[in-house]
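Peer 1: sequence below, structure please.
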Amino acid sequence: MSEGIAQNDVEGVLSYMYHLENLPAFSDVEELRWKTLIGNDGERIGTIESIERNEDTERVEFMQVGRGGFLGFGAERFLVPVTAIVNVDEKHVSIDRPLRNLDGVPEYDYERAHDPDYCAGIRAWWCAPVTVPETP
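Peer 2: Residues are numbered from 1 along each chain as shown. Purely as a prediction, here's the structure:
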């Protein structure tokens, strides 16, 4: 096996900060609040407004993101799984998707935030194959 292939394998494994089998505790990700969420295309997606944890496991599963609106009013809100995070710096959190692939992202429903079926639907949307629109 060549070193190039081995290096690619390592990069593939390390590309995500959090894996489903090892979700972070709330205290480990609280510093993500109010950072800007960036897509893998470098485009601004929104602002991380809160961290949502699974009440049964006490582990963080989602970040609530707001985009648009004015001073928080009229903003579109949706959940992003922490497993989508690929990088965190002082001001930004980067995820594995470009902004253009977030059309149709399910809206955040505060009333159902801890409903297992709702959360399963959110996870399923994010796990669906990403289709990249063709560029003319």
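
Peer 1: all contacts plus neighbour counts: C-alpha atoms, from now on.
Peer 2: Fine.

Peer 1: quick one, what contacts the most centrally placed residue in the chain?
Peer 2: Taking C-alpha atoms, centre = their mean, the centroid of the chain lies closest to residue 80, which sits 3.4 Å from it. Residue 80 sits next to 62, 63, 64, 65, 126 when contact means C-alpha atoms under 8 Å, 6 or more residues apart in numbering.

Peer 1: likewise for residue 52?
Peer 2: Neighbour list for residue 52: 60, 61, 62, 63, 64, 113 [criterion: C-alpha under 8 Å, 6+ apart].

Peer 1: quick check: beta-bridge partners of the residue lying closest to it once chain neighbours are set aside?
Peer 2: Using C-alpha to C-alpha, 6 or more residues apart in numbering and skipping residues adjacent in sequence, the residue nearest residue 52 is residue 62, 5.1 Å away. Beta-bridge partners for residue 62, by DSSP bridges, are residue 52, residue 81.

Peer 1: so residue 62 versus residue 25, what's the distance?
Peer 2: Using C-alpha to C-alpha, to the nearest Å, residue 62 is found at 12 Å from residue 25.

Peer 1: ok, those two, which is more surrounded?
Peer 2: Using other C-alpha atoms under 10 Å as the criterion, residue 62 and residue 25 rank with residue 62 on top: 23 against 15.

Peer 1: now do the more buried one against residue 70, distance only.
Peer 2: 23 Å.

Peer 1: then residue 96?
Peer 2: Counting by C-alpha to C-alpha, the separation of residue 96 from residue 70 is 27 Å.

Peer 1: much appreciated, bye for now.
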